[in-house]
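**Student:** Pasting the sequence and the predicted model now:
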Amino acid sequence: MAEVLVYVDHVDGAVRKPTLELLTLARRIGEPVAVALGNGAADTAATLAEHGAVKVLTHDASEYAEYLVVPKVDALQAAHEAVSPAAVLVPSSAEGKEIAARLALRIGSGIITDAIDLEAGDEGPVATQSVFAASFTTKSRVSKGTPVITVKPNSAAVEAAQAAGAVEALSVSFSEKATGTKVTGRTPRESTGRPELTEAAIVVSGGRGVNGAENFSIIEALADSLGAAVGASRAAVDAGWYPHTNQVGQTGKSVSPQLYIANGISGAIQHRAGMQTSKTIVAVNKDAEAPIFDLVDYGVVGDLFDVVPQLTDEVKARKG
Amino acid sequence: MSLRIVVTVKYVPDATGDRHFADDLTVDRDDVDGLLSELDEYAVEQALQIAEDADDAEVTVLTIGPEDAKDALRKALSMGADKAVHVEDDDLHGTDAIGTSLVLAKAIEKAGYDLVISGMASTDGTMGVVPALVAERLGVPQVTLLSEVSVEDGTVKGRRDGDAASEQLEASLPAVVSVTDQSGEARYPSFKGIMAAKKKPVESWDLSDLDIEAGEVGLEGAWTKVEAVAERPARTAGTIVKDEGEGGKQLAEYLASQKFI
């Protein structure tokens, strides 16, 4: 059976959930061969094997942390040469897309980004995308070279599927351009203890209606009662009420959770572009005319300062 | 020595308007109102700031697009860019990101550059890969997705805010940079700027000026194919209730019915 390269997104050996979703999708079109790079790469093998990886190619070098993007492209290109896969799948993070695109160009292949579904097809894998603030879906395939496809988080339910996960060292010689952009400093993000926004099953967001940084505690309390991630609209972030890393929308993060609860968010297209493919959408807003109510499965027209705390109490009570 | 900055911009269909596909499954760019992609305004702004800080600099704004794409160039010129290049050719219809990067790279080389600045992604395609592809083609460093950028003594420095960490980056010029919407508010064109823009040079180039064959770009030259497009069915109207003191409880009831709690 054909092999499919899967690029592993991990932090010091801890594999991020979207990679496991990728393994599940890869199994629809071939046998997954994972590529894990950098510090902790070998530690990813057990988890990857549990989710279908027949092989795990690993390589660690200081270049991965010291220089931007290009060393990873070099490594993925080496893996491509070694494996001759039927496709290359990469998680759709900002960096993932850059790595995937540069690889595609080098190997003379087309690239599809931000797929939300993947299926086998007669002429190669077919990727589904959600475009124009989710007003259209498209089906596309790569017509030249080895399909390189990046896939968004929450595109598939993770399936356990024990496979061999045999670890093999990947031989990589870095290109001349690998050291072009130096990373001169790095500040890791502080962990909030909450799920990562793009991967979370439930997202609770606050917008202009929250009216102040200190009031976001109400949003956080609801999020915590549901085990959810916290999002913020651009208005709230621009006002300085919540960090940009939590911004949901066209210029922030794109999320597609099982449940999205929008509080005090009007639902302008910029925001909708970031959350419109959420499976269930709920909103609380004082304004009955807010465009967000056109999107919702359930909406409450009311003051979020009354509704949200009451909801939080109810959730806690039911959870016992 | 003059710092030559090239800003790549895109003319995109207005997101608040009716964006749709043409019969050949390309994005309809003819029958729609378009404008300079909002995310490219940040690129123009940073280019202008870097130019203002440099002893001697020139900002050229470059776009690929149909006739109306000149509007995007005009806006950038009104903000303060010095000159513009419009690459226009019927054979470019339906070009994919790979093809776009080829045309941009050749146009950038023809224009002459020390620094290329792009937006973080277009607001229609939203791929965010063209700057990286252009860097790959030009064989120069990519310093992308910066929330802060500065240039000094032939070095570009910036801050990239990723998922897992915030990184300080540094590269020697020539380089390709992209900036995010966090990089600094873009200036509004002044009336004086709008008037001055009318006199600024706008060059038009086609594929033959760039030594590119029609078969390398366009719909036929693309390395990906869109096979089908479907309009998403409108979400069936949901239940809206007015809070009369029990709104939170009613919402909890709904979430329970959907098995979320």
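**Tutor:** In hand now; what should we look at? Numbering: from 1, shown residues only, chains lettered A, B, ... in the order given.

**Student:** And for stretch B:14-21, what's in contact with it?
**Tutor:** Defining contact as CB atoms under 8 Å, 6 or more residues apart in numbering or on different chains, one finds that stretch B:14-21 is touched by A:132-133, A:135-136, A:250, A:269-270, A:273, B:13, B:27-28, B:32-35, B:123-124, B:229. The C-beta positions use only the backbone N, C-alpha and C, and glycine is treated the same way.

**Student:** swap the cut-off to 10 Å and go again
**Tutor:** Stretch B:14-21 has contacts (CB atoms under 10 Å, 6 or more residues apart in numbering or on different chains) with A:131-133, A:135-136, A:138, A:250, A:268-270, A:272-273, B:12-13, B:27-29, B:31-35, B:37-38, B:123-124, B:226, B:229-231.

**Student:** Of these, grab the buried ones for ChimeraX.
**Tutor:** Selection command for ChimeraX covering only the buried members of the contacts of stretch B:14-21, criterion 16 or more other CB atoms under 10 Å in any protein chain shown:
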select /A:131,132,133,135,136,138,250,268,269,270,272,273 /B:12,13,27,29,32,34,35,37,38,123,124,226,229
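
**Student:** just checking, which of the contacts of stretch B:14-21 belong to helices?
**Tutor:** Among the contacts of stretch B:14-21, the members found in helices (DSSP state H) are A:269-270, A:272, B:38.

**Student:** Strands of the stretch 101-250 of chain B, residue ranges please.
**Tutor:** B:115-119, B:142-152, B:155-161, B:165-172, B:175-179, B:202-205, B:224-231, B:239-242 (DSSP state E, counting those that start in this stretch).

**Student:** for the longest one, packing partners?
**Tutor:** Taking 3 or more CB pairs under 10 Å, 6 or more residues apart in numbering or on different chains; DSSP states H and E as the contact definition, the neighbouring helices and strands of strand B:142-152 are helix A:94-106, helix B:38-53, strand B:115-119, helix B:130-138, strand B:155-161, strand B:165-172, strand B:175-179.

**Student:** I'd like those laid out as a markdown table, including mean pLDDT and distance to residue A:113.
**Tutor:** Output for the helices and strands packed on strand B:142-152, formatted as a markdown table (pLDDT from 0 to 100; distance: least, CB to CB, whole Å):
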| stretch | mean pLDDT | distance to residue A:113 |
| --- | --- | --- |
| helix A:94-106 | 97 | 5 |
| helix B:38-53 | 97 | 16 |
| strand B:115-119 | 98 | 16 |
| helix B:130-138 | 98 | 11 |
| strand B:155-161 | 97 | 19 |
| strand B:165-172 | 97 | 22 |
| strand B:175-179 | 98 | 15 |
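
**Student:** now these as CSV including distance to residue A:82?
**Tutor:** Converted to CSV, the helices and strands packed on strand B:142-152 look like this (distance: least, CB to CB, whole Å):
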stretch, distance to residue A:82
helix A:94-106, 14
helix B:38-53, 37
strand B:115-119, 33
helix B:130-138, 21
strand B:155-161, 30
strand B:165-172, 29
strand B:175-179, 29
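
**Student:** I'd guessed residue B:202 sits against residue B:61; true?
**Tutor:** Yes: using CB atoms under 10 Å, residue B:202 makes contact with residue B:61 at a distance of 9.3 Å.

**Student:** For those two, indicate the residue with more neighbours.
**Tutor:** residue B:61 (31 against 14; other CB atoms under 10 Å in any protein chain shown).

**Student:** How about the contacts made by the residue most central in space within chain A?
**Tutor:** Taking CA atoms, centre = their mean as the criterion, residue A:153 is the residue nearest the geometric centre of chain A, at 3.5 Å. Residues in contact with residue A:153 (CB under 10 Å, 6+ apart) are A:9, A:16-19, A:21-22, A:91-93, A:116, A:196-200, A:253-257.

**Student:** Please enumerate the strands of the stretch 51-200 of chain A.
**Tutor:** For the stretch 51-200 of chain A, strands defined by DSSP E, counting those that start in this stretch occupy the ranges A:55-59, A:87-91, A:111-115, A:117-119, A:126-131, A:136-142, A:148-151, A:166-169, A:182-188.

**Student:** To chain B, which of those strands lies closest?
**Tutor:** Of all the strands of the stretch 51-200 of chain A, strand A:182-188 sits nearest to chain B, with 3.6 Å by CB to the nearest CB.

**Student:** Which strands and helices lie in contact with that closest one?
**Tutor:** helix A:63-66, strand B:155-161, strand B:165-172.

**Student:** any chance of those in CSV, plus distance to residue B:235 and mean neighbour count?
**Tutor:** Below are those laid out as CSV (distance: least, CB to CB, whole Å; neighbours: other CB atoms under 10 Å in any protein chain shown):
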stretch, distance to residue B:235, mean neighbour count
helix A:63-66, 43, 18
strand B:155-161, 33, 20
strand B:165-172, 37, 18
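
**Student:** Determine which of the ones you listed approaches residue A:45 most closely.
**Tutor:** Among those, the nearest to residue A:45 by CB to CB is helix A:63-66 (17.3 Å).

**Student:** Who are the packing partners of the closest one?
**Tutor:** Judged by 3+ CB pairs under 10 Å, 6+ apart, the packing partners of helix A:63-66 are strand A:31-37, helix A:70-83, strand A:182-188.

**Student:** Could you say which of these is packed most deeply?
**Tutor:** Mean neighbours per residue, mean count of other CB atoms under 10 Å in any protein chain shown, is largest over these for strand A:31-37, with a mean of 27.

**Student:** Double-check that residue A:46 belongs to a strand.
**Tutor:** No: according to DSSP: H, G, I helix; E, B strand; the rest coil, residue A:46 belongs to no strand; its state is helix.
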